[in-house]
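S.K.: Need coordinates for the below:
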Amino acid sequence: MEMVEFHKHPLLPVTRFSFGSCKGCSSFGYIYGGYRCNELGCEEYVYHKECAELLPEINHSSHPDHPLKLLIRDRDSACNRCGDSFKNGYFCSICDVKLDIRCAKGPTPLLILEKTNLHDHPLHLGKKSIYESGYDRKCKACDTLVYSEIGLCYKCYECKLVFHEECDKFFPEANHTSHPQHPLKLLSYKAAPKYADKKCLLCGMGFDQRLHHCDICNFSICSRCMSNPPPLVVVSRTTHEHQLHLFPRRMDFTCNACGMQGNRSPYFCLQCNFMIHRKCIDLPRVININRHNHRISYTRRLGHGDWKCGVGLCSKKVDGFYGAYSCSKCPKDVFHASCATRNDVWDMIELEGTPEEPEEPPFVVIDDNTIKHFSHDHNLRINKDGGMLHESILCQACVFQICSELFYNCEECDFILHEKCANLPRKKRHLCDSLPFTLDTNSEGEASKCYLCRQDFTGFRYMCLNRDIVLDVRCSSLSEPFVHESHQHPLYYTGGYCMSKCTACGDCTNREIYSALFNCDQCDFRLGFKCAILPHKVMRYKYDDHPLCLSYSESSVDGEYYWCEACETKVNPRKWFYTCKDCGVALHISCVVGDVSYVMPGSVLSVARLAGGLKFYDGEVVPNTSICRPICTVCNSRCKLPSILQCNPRSTIFLQLSMTGYVCSLGCH
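M.R.: Just a heads-up that it's a prediction; the model follows:
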């Protein structure tokens, strides 16, 4: 019988251990010898072998009257056996019987257990509606909670007791392929002996509620490995030429595939004294990672050399006599196998046998001084005079002043680009995500919010469509190790949903928003992207004829303060600030770079704020270059930033309030 096409892309067989949810049956745990999708953006699509090879029609013992057909659906249904919701599963169109794949694959459990080790009375299989009056919430066999109200459990109607369905298989003890000498007892975590290991001997995961234990051999494994045993023998020609055998015991070893230490249950070769982590079996040969611009390839031995891992905060020694990844174009760049294949580093696409796409240049060279950039209709000519342009002339890509940098300008219109911005690659990879980004010129000029610094911006942007992530060109240009003048050590990227504080500004990130920081691995220093991209030099003709330079603190000044030329309040010299080295002028950073400083004048921002009532307004970004600075409608003070908002009123549907005039910044209150 022909197999159904289960996924929109071809699925490739792999002998690798994958940890996660099968996209067919939704079971969570280790999958070995399954199938995976090798298309960009579909890296999570991993299937059990039997799920990927499902037949389009089956006969099932739970419904012997009619065959069941496999349907791939977009909407959820409820399984008649376990009550869980599912999309992909088997259906009977005549009787409206529905089974999810997990229930369709497995044997049908007995509806009534007359004789069982679980309990003296008959047990009835039913949905886990255990919170009805009088029922215990814990499984009587393993003394752990039966969490959900969906799924199946066994219930004793006389005693008002409940039992996990899987406890019928393993209580009070059961045999396991990895420990054939003695049966393993099912225990709750709190009932385990104190000498027992706190992690599963096979997979190394910590125990949740239950474990399976042999008190004769001090052998303990988790429920996942009990119900889904790892194979005792593995054949993976890409990893090793001989069979690999599971060695289920505690032992310290060095993995031959990655060179990192392990402490339990390796696979080993009887002929070669070869040992390997289960996660390193069938490592991909050729991959792209977000820490390097070229493809990298796996090699079983680098050879003798002084190597350091190029992934993030690792930077540890790479032993050349074990396996690792290296770049053929950059001989000094090597990576631990375990670091290069992390989900947040590797895009999960195997490139062996796939030809490398040629890099698309951002411009065509017309002559020594002229280019045709893909973002503009006219030719651009480089300016090498080295003079500073007026502060109001901004680069179309990064929306910042030209200062003394080389730039290209159009002789037919006012289009202008920094030389470095003209060389921005059309496609690139970035630390913040494993998938590639594409440069978008944002021809409509709409404002976006950068994923890393959380600031509004216009101009060019890098977009990762698979993740719906947008980066401005300033943040996208930062890489690791990141060397910043404010700190003596190199900095490395970390990201996540946590509360962290930038050392420079003291701002604390929101644990509900993805926070991106550069961290020092030698001391307690953190730098947020908002501070990391602050320009080192700014033209401010209003306050000084010279450029203002970013100062990172003057620790020698004790108890003294400077005076900000913009807001006329104190400047703490121990904090970052802008200063003129020729005249001694000092300004707060917030008085020089505002929250609309990266938005091109003329752009419109839609703002909703609470200021004496719910107010919505459209604010057009305008330069604050007049001799008499306007008064802010919100804070009633003179607007000091180089770019401010001029508000165009629009009524709310709630309070019919509107706002007109000028606003200092989006954060003004």
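S.K.: CA atoms for contacts and neighbours, from now on please.
M.R.: Will do.
S.K.: show me where the stretch 101-250 of the chain has helices.
M.R.: 101-105, 167-170, 223-227 (DSSP state H, counting those that start in this stretch).
S.K.: Among the ones you listed, which comes closest to Cys22?
M.R.: For these, the distance to Cys22 is smallest for helix 101-105, at 10.1 Å, taking C-alpha to C-alpha.
S.K.: Packing partners of the closest one?
M.R.: Secondary-structure packing of helix 101-105 (3 or more C-alpha pairs under 8 Å, 6 or more residues apart in numbering; DSSP states H and E): strand 89-92.
S.K.: contact partners of the strand it packs on?
M.R.: Residues outside strand 89-92 that contact it (C-alpha atoms under 8 Å, 6 or more residues apart in numbering) are 66-72, 97-101, 104.
S.K.: Tell me which strands the helix or strand where Leu517 lies pairs with, and in which orientation.
M.R.: Using DSSP states H and E, Leu517 maps to strand 515-520. If you go by DSSP bridges, strand 515-520 pairs up with strand 491-496 (antiparallel), strand 526-528 (antiparallel).
S.K.: What about Gly445, how many residues nearby?
M.R.: By the criterion of other C-alpha atoms under 10 Å, Gly445 has 17 neighbours.
S.K.: Surely it and Ser603 touch.
M.R.: Yes - contact status for Gly445 versus Ser603: in contact at 7.0 Å, counting by C-alpha atoms under 8 Å.
S.K.: still on that earlier bit, rank the strands paired with strand 515-520 by pLDDT, which is bottom?
M.R.: Out of those, strand 491-496 stands lowest, with a mean of 86 (criterion: mean pLDDT).
S.K.: What residues does Ser637 make contact with?
M.R.: With C-alpha under 8 Å, 6+ apart, Ser637 has these contacts: Ile631.
S.K.: and the gap between it and Val593?
M.R.: Per C-alpha to C-alpha, to the nearest Å, Ser637 is found 17 Å from Val593.
S.K.: got it, and Ser188?
M.R.: Applying C-alpha to C-alpha to Ser188 and Val593 gives a distance of 58 Å.
S.K.: what stretches of the stretch 151-300 of the chain score poorly on pLDDT?
M.R.: 151 (pLDDT under 70).
S.K.: surely Pro372 meets Tyr408?
M.R.: Actually, residue 372 is Lys rather than Pro. No - shown here, Lys372 and Tyr408 do not form a contact pair, counting by C-alpha under 8 Å, at 10.4 Å.
S.K.: Residues that sit against both of those two, list them.
M.R.: Shared contacts of Lys372 and Tyr408, counting by C-alpha under 8 Å, 6+ apart, come down to Leu380.
S.K.: Comparing those two, which shows the higher neighbour count?
M.R.: Taking other C-alpha under 10 Å, Lys372 and Tyr408 do not tie; Tyr408 has more neighbours (24 against 18).
S.K.: ok, and the closest non-adjacent residue to the more buried one?
M.R.: Ile382 (4.2 Å; C-alpha to C-alpha, 6 or more residues apart in numbering).
S.K.: now Gly445
M.R.: According to C-alpha to C-alpha, 6+ apart, the nearest residue to Gly445 is Thr458 (6.0 Å).
S.K.: quick one: contacts for that neighbour?
M.R.: Thr458 touches Cys398, Val399, Asn442, Gly445, Glu446, Ala447, Ser448, Tyr598, Val599, Met600, counting by C-alpha under 8 Å, 6+ apart.
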